[in-house]
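Trainee: what's the 3D shape of this:
(2 chains)
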There are 2 protein chains.
Amino acid sequence: MTKKVDFYFDYGSPATYLAWTQIDKIIKNANAELNMIPMLLGGVFKETGNSSPAFIPAKSKWMNKDLKKHAEIYGVDYNSNSFFPINTLNLMRGAIAARKMNIFEKYSEAIFTGIWVKDVNLGDIPILQDYLNKNGIDTKELFSLVQSDEIKTSLIKNTAEAVEKGVFGAPTFIVNNELIFGQDRLEFLKLALK
Amino acid sequence: MTKKVDFYFDYGSPATYLAWTQIDKIIKNANAELNMIPMLLGGVFKETGNSSPAFIPAKSKWMNKDLKKHAEIYGVDYNSNSFFPINTLNLMRGAIAARKMNIFEKYSEAIFTGIWVKDVNLGDIPILQDYLNKNGIDTKELFSLVQSDEIKTSLIKNTAEAVEKGVFGAPTFIVNNELIFGQDRLEFLKLALK
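Mentor: Numbering: from 1, shown residues only, chains lettered A, B, ... in the order given. Alright, predicted model coming up:
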């Protein structure tokens, strides 16, 4: 039976970006199914009492080096973002809109690499619009969907469900009710898919 | 040239216990030198603004399972401690006293396994005294040293120096000025020792 990976994500998390660069390979090797679930990490933090490690200066300093080491091991590009932390509310609503428009993969790649490779300030709407247009994404339809109640509610629902299932940070993977937290636990994800 | 590993630790940290079960093998394989540095993790948290993940219920739940998975992989005993979080002030002062008495390894093994295998409440002085005596450790000399200004100052100094060097949690390893945080980064410690 094909195993399903629920991948709870927020584009604003650098560890989630790194996990995202690896997930297709893992899913393919395990012959599994990937279910990317957009959530608002800020909302998860608020509900669970957790907070970004980036706000502890000493931890942030270590974490930045640690992320770079992992990127090197994975062989992927990674740069810290000068505008961090980025407000991802519109970006995460956009993920749900993009799925409706059947451009989820294209949109996700644009947003993840925009923030974590190209150092773009995607929390800024005019910059976001320009950036998406340059990446061949129709922002007229996307932005209109982003403002719809249906999509706003959908993101709130995803975030509440994530918290209900025990999610407290990103990235989080759930496979057969087993919660696996962190891009540094991809080996545990592979084990869960065996 | 022999490389030196500064291992900043607090007995009250379960991840530190797990790292401690692995460190001798790593040091031996790398022909390195181990320098165990007792610090007060509560003091480090206070100075850096960090806090124990155990205080976020959802994170704590995940972490407990994650520690158990690692213990299984390492092939070592591990049990969560019913009295967590234990006040480790006397235990960490005791580590410095034990070094003075040339019983540091014996003391460390007794304390780590007392907390993280045998579920003993070592934050309680009478229980600690009884437990150490049963493990062949002379508490008369140890407790007298623990109360000395020299040892109190020594722990304060270690903790302040740790924070100065960028330590924000435990376990932390420093090798050639590279800070490696977490028992889940032992592979990075091995790399640093190559």
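Trainee: rest of the way, CA atoms for contacts and neighbours
Mentor: OK.
Trainee: run through who's touching the longest helix seen in chain A.
Mentor: Secondary structure of chain A per DSSP state H: the longest helix is helix A:57-74. Helix A:57-74 is contacted by residues A:14-15, A:18, A:22, A:53-54, A:77-80, B:48, B:166-168, B:179-181 when judged by Cα atoms under 8 Å, 6 or more residues apart in numbering or on different chains.
Trainee: and if you look at stretch A:32-42?
Mentor: Outside stretch A:32-42, the residues that reach it (Cα under 8 Å, 6+ apart) are A:2-10, A:27, A:88-89, A:92-93, A:95-96, A:155-156, A:158-159, A:162, A:169-170, A:193.
Trainee: same question, stretch A:126-146
Mentor: Under Cα under 8 Å, 6+ apart, the answer for stretch A:126-146 is A:90, A:93-94, A:97-98, A:101, A:107, A:110, A:120-122, A:151-152.
Trainee: start and end of that stretch, how far apart?
Mentor: By Cα to Cα, to the nearest Å, the extent of stretch A:126-146 from end to end equals 15 Å.
Trainee: what mean pLDDT would you report for that stretch?
Mentor: The pLDDT scores in stretch A:126-146 average 97.
Trainee: the helix or strand harbouring residue A:150: how far from the chain's middle?
Mentor: Assigning secondary structure by DSSP states H and E places residue A:150 in helix A:149-164. Put simply, helix A:149-164 sits 15 Å off its chain's centre (Cα atoms, centre = their mean, to the nearest Å).
Trainee: ok, back up a step: give the PyMOL command for selecting the buried subset of the contacts of stretch A:126-146.
Mentor: Of the contacts of stretch A:126-146, the buried ones can be selected in PyMOL as follows, counting by 16 or more other Cα atoms under 10 Å in any protein chain shown:
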select buried, chain A and resi 90+93+94+97+98+107+110+120+121+122+151+152
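Trainee: for chain B, tell me which of the contacts of stretch A:126-146 show up nearby.
Mentor: Among the contacts of stretch A:126-146, proximity to chain B is found for none (Cα under 8 Å from any Cα of the partner chain).
Trainee: between the contacts of stretch A:126-146, which is closest to residue B:116?
Mentor: residue A:93 (44.1 Å; Cα to Cα).
Trainee: which ones are touching the closest one?
Mentor: Neighbours of residue A:93 in contact, by Cα under 8 Å, 6+ apart: A:38, A:146, A:151, A:152, A:155.
Trainee: closest to chain B among those?
Mentor: For those, the residue nearest chain B by Cα to the nearest Cα is residue A:38; the value is 19.2 Å.
Trainee: can you show me the strands along chain A?
Mentor: A:4-9, A:33-38, A:172-175, A:178-181 (DSSP state E).
Trainee: mind listing the strands the second one pairs with, and their directions?
Mentor: Meaning strand A:33-38. Its sheet considered, strand A:33-38 pairs with strand A:4-9 (parallel) by DSSP bridges.
Trainee: which parts of the partner strand are buried?
Mentor: In strand A:4-9, counting by 16+ other Cα under 10 Å, buried: A:4, A:5, A:6, A:7, A:8, A:9.
Trainee: could you check how many residues crowd around residue A:77?
Mentor: 14 (other Cα atoms under 10 Å in any protein chain shown).
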